[in-house]
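# give the three-dimensional model of this entry:
(one chain, ligands or ions: 2)
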Amino acid sequence: MNAPSPTVSAHASGLSYVSPAPDSPWSTYLSQIDRVLPYLGSLARWAETLRRPKRSLIVDVPIEMDDGTVRHFEGYRVQHNLSRGPGKGGVRYHPDVTLEEVMALSAWMTIKNAAVNLPFGGAKGGIRVDPKKLSLKELEKLTRRYTSEIGIVIGPQQDIPAPDMNTNAQIMAWMMDTYSANAGATVTGVVTGKPVHLGGSLGRVKATGRGVFVTGREAARRIGLELNGARVAIQGFGNVGSAAAELFAGAGAKIVAVQDHTGTMANPNGLEMGALIGSARLHGGVGEFRGGERIDDEAFWETDCDILVPAALEGQVTAKRARRLKAKMLLEGANGPTLPEADDVLAERGVLVVPDVICNAGGVTVSYFEWVQDFSSFFWTEDEINLRLDKIMVDALKKIWDTADRHRVTLRTATFAVACERILTARQERGLYP
Ligand SMILES: NC(=O)C1=CN([C@@H]2O[C@H](COP(=O)(O)OP(=O)(O)OC[C@H]3O[C@@H](n4cnc5c(N)ncnc54)[C@H](O)[C@@H]3O)[C@@H](O)[C@H]2O)C=CC1
Ligand SMILES: O=C(O)CCC(=O)C(=O)O
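Ligands and ions are numbered 1, 2, ... in the order given. Alright, predicted model coming up:
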């Protein structure tokens, strides 16, 4: 009898990763892989490697709450692919986090790290929790216990977490401290995105937004769109969205609409960035800002703009919304914001999509710089970091653009082609026998 095919055995194990729910992040990722296969030549025979995570860890994270009760949270760390180096990718705290979502986020890290040629595989982690409902003490306990639980798979040479949605430098500091306490020595290189006093890198906080701006500026130049005076709409005003907004405004663009979980604010003459950032900080979101008009959340997708930046959650750009967009260019600050069907609509309508796996790679690029600086204990200036970041992003986009022209495909498929060639070549060269 023939051995069962990997697909059959994955089904038999009860995992959902072979037939995910339509429009789920993992199904979006699998469809992106299907689309790149014709451009991989003989390397396509290794494609199954990309369709299954190397290692998925589910952990139970019990903590004592401030009222004395004990609550259990579910946490994850998925290492999607380790062919090119240690796992690398952020940690998300969100009430909707699932294993399947973390699988997709870790897979996009594999593609992203290869697209900008960082010596990393892809990984991601998360806890299903609404951190806004925890006290600071509960948040610290949760982070420390989660770090101890995933301590068996992370490490500066194994897998290096970093911030993602609802996590930040303070959370990275607690993770570093817990890992170090368990290891019996300070190990700064186990996470990136740390505070600068603890081995963090200058420039990391704004690096993802900066990468969105730099790729956006390059793409705009190539399609003849003048940034000075361009109208930009942004969904998500957290780490990524707010940093990108500031840089676009600094280049003379008008931020005409901003949406976050507290509402959507618009002003066709441009929202004043300093005031908006101050108000968002004070009120925990943009919804209380008085320098613009509050509009219906769904109307955001019809904003009269040149550039639209989704910088919040996955699956936001549906086919229906894609048909209504007025933007000439979509810059994916978020991971996985566009569904495959919407990609097709946007391509048909001639809307340029700069995909997540290159557009938001600025964060992990500076995380790589941080990891290198931690190893050498020699720290660079912010100017050095920004210069190196800009060069990596511009060079990577050029290669992707050339690939898109050569194969006559979208920038997303071209980014996957560049990345998958690197990943699968590494896989092939490592061989099959341990
Ligand atoms: N932080 C980083 O370095 C990187 C983040 N990303 C991606 O960028 C996206 C945003 O991440 P961060 O800015 O770090 O997170 P954050 O936690 O700093 O901000 C998230 C923003 O999204 C908004 N948001 C949440 N739910 C929303 C909803 N239903 N509708 C509209 N807005 C909503 C929040 O209000 C907040 O403004 C995520 O997709 C993340 O994976 C990608 C690369 C690196
Ligand atoms: O900085 C990092 O290591 C990862 C950032 C991240 O999670 C992402 O790019 O989606």
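# mind telling me what element the residue of the stretch 51-200 of the chain found nearest ligand 1 is part of?
At 4.0 Å from ligand 1, residue 165 is the closest residue in the stretch 51-200 of the chain, using CB to the nearest ligand atom. All C-beta atoms are positioned from the backbone trio N, CA, C, and that covers glycine. Using DSSP states H and E, residue 165 sits within no helix or strand.
# same deal with residue 123?
Using DSSP H and E, residue 123 falls in strand 122-128.
# is any part of that strand close to ligand 1?
No: using CB under 6 Å from any ligand atom, strand 122-128 stays clear of ligand 1, coming no nearer than 8.6 Å.
# next one: that strand to chain centre, how far?
Chain-centre distance of strand 122-128: 11 Å, with CA atoms, centre = their mean, to the nearest Å.
# model confidence over that strand, on average?
Mean pLDDT, strand 122-128: 98.
# neighbours of residue 60, just the number please.
Using other CB atoms under 10 Å, the number of residues around residue 60 comes to 10.
# same question, residue 428
Counted by other CB under 10 Å, the residues lying close to residue 428 total 15.
# before we move on, what about residue 273?
18.
# pull the contacting residues for it.
245, 246, 249, 255 (CB atoms under 8 Å, 6 or more residues apart in numbering).
# again, only this time at 10 Å
242, 245, 246, 247, 248, 249, 250, 255, 258, 291 (CB atoms under 10 Å, 6 or more residues apart in numbering).
# which among those residues count as buried?
Taking 16 or more other CB atoms under 10 Å as the criterion, what is buried in these is 242, 245, 246, 247, 248, 249, 255, 258.
# farthest pair within the contacts of residue 273?
Farthest-apart pair in the contacts of residue 273 is 247 and 291; separation 19.2 Å (CB to CB).
# which strand or helix spans the nearest residue to the residue of the stretch 51-200 of the chain closest to ligand 1 once chain neighbours are set aside?
If the residues on either side of it in the chain are set aside, residue 165 comes closest to residue 92, at 4.7 Å by CB to CB, 6 or more residues apart in numbering. Here residue 92, judged by DSSP H and E, is contained in strand 87-94.
# ok, back up a step: beta partners for the residue nearest to residue 165?
residue 126 (DSSP bridges).
# which pLDDT value does the model give it?
98.
# my understanding was that it contacts residue 104; is that so?
No: between residue 92 and residue 104 there is no contact under CB atoms under 10 Å: 11.5 Å.
# residues shared between the contacts of those two?
With CB under 10 Å, 6+ apart, residue 92 and residue 104 have common neighbours 124, 335.
# more crowded one of those two?
More crowded of residue 92 and residue 104, by other CB under 10 Å: residue 104, with 27 against 24.
# report the contact partners of that one.
By CB under 10 Å, 6+ apart, the contact set of residue 104 is 17, 20, 24-30, 32, 53, 78, 80, 98, 124, 314, 335-336.
# that's a strand at residue 77, yeah?
Yes: in this structure, residue 77 lies within a strand as judged by DSSP: H, G, I helix; E, B strand; the rest coil.
# number of residues surrounding it?
Neighbours of residue 77 using other CB under 10 Å come to 27.
# circling back: return only those of the contacts of residue 104 found close to ligand 2.
residue 335.
# what's the ChimeraX line that selects buried ones from the contacts of residue 104?
To isolate the buried members of the contacts of residue 104 in ChimeraX, using 16+ other CB under 10 Å:
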select :17,20,24,25,26,27,28,29,30,32,53,78,80,98,124,314,335,336
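# skip the chain neighbours and tell me the closest residue to residue 196.
Nearest one to residue 196, counting by CB to CB, 6+ apart, is residue 202 at 6.2 Å.
# show me what contacts that neighbour?
So residue 202 contacts 196, 366, 369-370, 373, 379-386 (CB under 10 Å, 6+ apart).
# got the contact list for the closest residue to residue 119 other than its chain neighbours?
Counting by CB to CB, 6+ apart, residue 85 is the residue found nearest to residue 119 once chain neighbours are left out, at 4.2 Å. Residues near residue 85 by CB under 10 Å, 6+ apart: 113, 114, 118, 119, 120, 121, 122, 157, 160, 368, 426.
# now, among those residues, which is nearest to residue 340?
Ranked by distance to residue 340 (CB to CB), these are led by residue 122 at 19.7 Å.
# who's that closest one bridged to?
Assigned bridge partners for residue 122, using DSSP bridges, are residue 81.
# sec struct for residue 255, please.
When classified by three-state DSSP, residue 255 comes out as strand.
# can you offset everything so residue one is 157?
All right, first residue 157 from here; so that's residue 411.
# mind pulling up the pLDDT for it?
So, for residue 411, pLDDT stands at 98.
# if I read this right, it contacts residue 430, doesn't it?
No: at 11.6 Å, residue 411 and residue 430 do not qualify as touching, with contact defined as CB under 10 Å.
# touching both of the two, which residues are there?
402, 405.
# excluding chain neighbours, give the residue nearest to the one residue in the chain that gets nearest to ligand 2 in space.
Per CB to the nearest ligand atom, residue 246 is where the chain lies closest to ligand 2, at 2.6 Å. Spatially, and ignoring its direct neighbours in sequence, residue 246 is nearest to residue 320 (3.0 Å; CB to CB, 6+ apart).
# quick check, that neighbour in contact with residue 287.
No: assessed by CB under 10 Å, residue 320 is found out of contact with residue 287, at 12.0 Å.
# show me which of those two is the more surrounded one.
Neighbours per residue, other CB under 10 Å: of residue 320 and residue 287, the larger number sits with residue 320, 25 against 18.
# list phi and psi for the more buried one.
Note on residue 320: backbone dihedrals following degrees, to the nearest 10 are phi -140, psi -150.
# got a list of what the residue nearest to residue 422 when sequence neighbours are not counted touches?
Leaving aside its sequence neighbours, residue 422 sits nearest to residue 413 (CB to CB, 6+ apart; 4.2 Å). Going by CB under 10 Å, 6+ apart, residue 413 touches 387-391, 420-424, 427, 442, 448-449, 451, 455-461, 464.
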